[in-house]
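Visitor: quick one: sequence and predicted model below, then my questions.
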Amino acid sequence: MGKSNLDLVSECDNFPYYEDDRNAYTENLNNYHAFKVSGYNCTLGYILNEVVEKFPWSDNCWTIDSAARTVTLVTPPDANPAVRSKLVAEDIAKAVKQDKFEILKGWRNEKYPVYGPGGEFLLEMERAASPLFGIVSYGAHLTGYVHDVTGLKIWVPRRAKNKQTYPSLLDNTVAGGMCTGERPFECIVREAMEEASLPESVVRAATVSRGCVTYSHVRDARAGGETGLIQPEVEYVYDLQLDPGVIPKPGDNEVEEFKLLSIPEVQQALARGEFKPNCANIMIDFFVRHGLLTPENEPDFLQIVARLHRRLEYPTASHCAR
């Protein structure tokens, strides 16, 4: 028997819930240290204990409390994001030089933001290092679909077999992480051109914002690098109905091919576990929003919908343009 929709959602949103089992949740957290920044009374992420032990922390700017299981970046009260970012970057660079972590071999040269209470921008760090600190990352996913005489079909890409993360698995039509200062829609426009060779004019004219999906994922071996790292994420969701004559084509080395699949074909691929975990979540969300997954045909409907929109236990930021 294949994976159910709830199985797939649970595989992505697989960090324990305090409400389900308080003892299990607390026991699980014993494997991590909370990442904090001085002057802010909040947890910005969770760092695996093994990472805490191996990371080359500079004595003059980090405080590690083993009893409280916290790692705190300590800076002067007037420190700004540039100062904090520089200190973190210097130690990440040391970790790379000393070959401390496998995950850092997937260096992206992209910066991910870290936000404090009220969405205050605190610092940024190299994307490849972000799972080591367990910070919230942000991305945007687009589902491209067509309506033809046979019904609704979805453009599904297969990830390149040489990708460091989730090689050869199926993906959403367009997806990408949001760097510091990037807006969700602009991320989609950029990724649509880079990954799927979709004309900017088509994407800007017809893409529709459809909400977001949130989850807290514990990485396994398929993600590349160290396992057990926590990766909480916010994924902004978009739909794009394409004319049958518009055909996505790989625009970089991240995608091997695109296939136009019927809804039953997508459902079968999901059940076989062929999709990248978070992309399975986005696809299930698409099914809910388009009335393909309903309370009448899915016994776990309520739990699935709730798990697609996890309330994250870290500060998050609004990407509203002001």
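Guide: Looks like it arrived, so ask away.
Visitor: ok, residue 122 to residue 314 distance?
Guide: Remark: distance between residue 122 and residue 314 (CB to CB, to the nearest Å) = 12 Å. (C-beta placed from N, C-alpha, C; glycine too.)
Visitor: intersection of neighbour lists for these two?
Guide: When contacts are counted by CB atoms under 8 Å, 6 or more residues apart in numbering, residue 122 and residue 314 are jointly contacted by residue 44.
Visitor: who's more crowded, these two?
Guide: residue 122 (23 against 19; other CB atoms under 10 Å).
Visitor: ok, the more buried one to residue 311 distance?
Guide: From residue 122 to residue 311 the distance is 21 Å (CB to CB).
Visitor: residue 7 too?
Guide: For residue 7 relative to residue 311 (CB to CB), the value is 22 Å.
Visitor: among those two, which residue is more densely surrounded?
Guide: residue 7 (15 against 9).
Visitor: give me the distance from the strand or helix carrying residue 267 to the chain's centre.
Guide: Residue 267 is located in helix 263-271, with elements delineated by DSSP states H and E. Centroid separation for helix 263-271 versus its chain: 22 Å, with CA atoms, centre = their mean, to the nearest Å.
Visitor: what's around residue 54, how many residues?
Guide: Other residues close to residue 54 by other CB under 10 Å number 15.
Visitor: contacting residues around it?
Guide: So residue 54 contacts 100, 101 (CB under 8 Å, 6+ apart).
Visitor: measure it to residue 132 for me?
Guide: Taking CB to CB, one finds residue 54 at 10 Å from residue 132.
Visitor: please apply the same query to residue 27.
Guide: 22 Å.
Visitor: so what touches stretch 78-87?
Guide: 37, 58, 61, 73, 75, 76, 111, 121, 122, 123, 124, 125.
Visitor: chain center to it: distance?
Guide: Worked out by CA atoms, centre = their mean, stretch 78-87 lies 25 Å from the chain centre.
Visitor: what average pLDDT does stretch 211-225 get?
Guide: Taken as a whole, stretch 211-225 has a mean pLDDT of 96.
Visitor: likewise for stretch 83-96?
Guide: For stretch 83-96, the per-residue pLDDT averages 98.
Visitor: quick one, domains of this structure?
Guide: Domain segmentation of the chain under automatic domain parsing yields 5-14+137-307, 31-133.
Visitor: what about the first one, how long is it end to end?
Guide: End-to-end distance of domain 5-14+137-307 (CA to CA, to the nearest Å): 11 Å.
Visitor: also the last one?
Guide: Across domain 31-133, the terminal residues are separated by 13 Å (CA to CA).
Visitor: just the pLDDT for residue 275.
Guide: So residue 275 comes in at 98 (pLDDT).
Visitor: if I pick the residue nearest to it when sequence neighbours are not counted, what's in contact with it?
Guide: Once flanking residues are discounted, residue 275 sits nearest to residue 170: 4.6 Å by CB to CB, 6 or more residues apart in numbering. Shown in contact with residue 170 (CB under 8 Å, 6+ apart): 156, 157, 158, 159, 269, 274, 275, 276, 279.
Visitor: columns distance to residue 320 on top of the domains of the chain, output as JSON lines?
Guide: As requested, those are exported to JSON lines (distance: least, CB to CB, whole Å):
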{"stretch": "domain 5-14+137-307", "distance to residue 320": "9"}
{"stretch": "domain 31-133", "distance to residue 320": "9"}
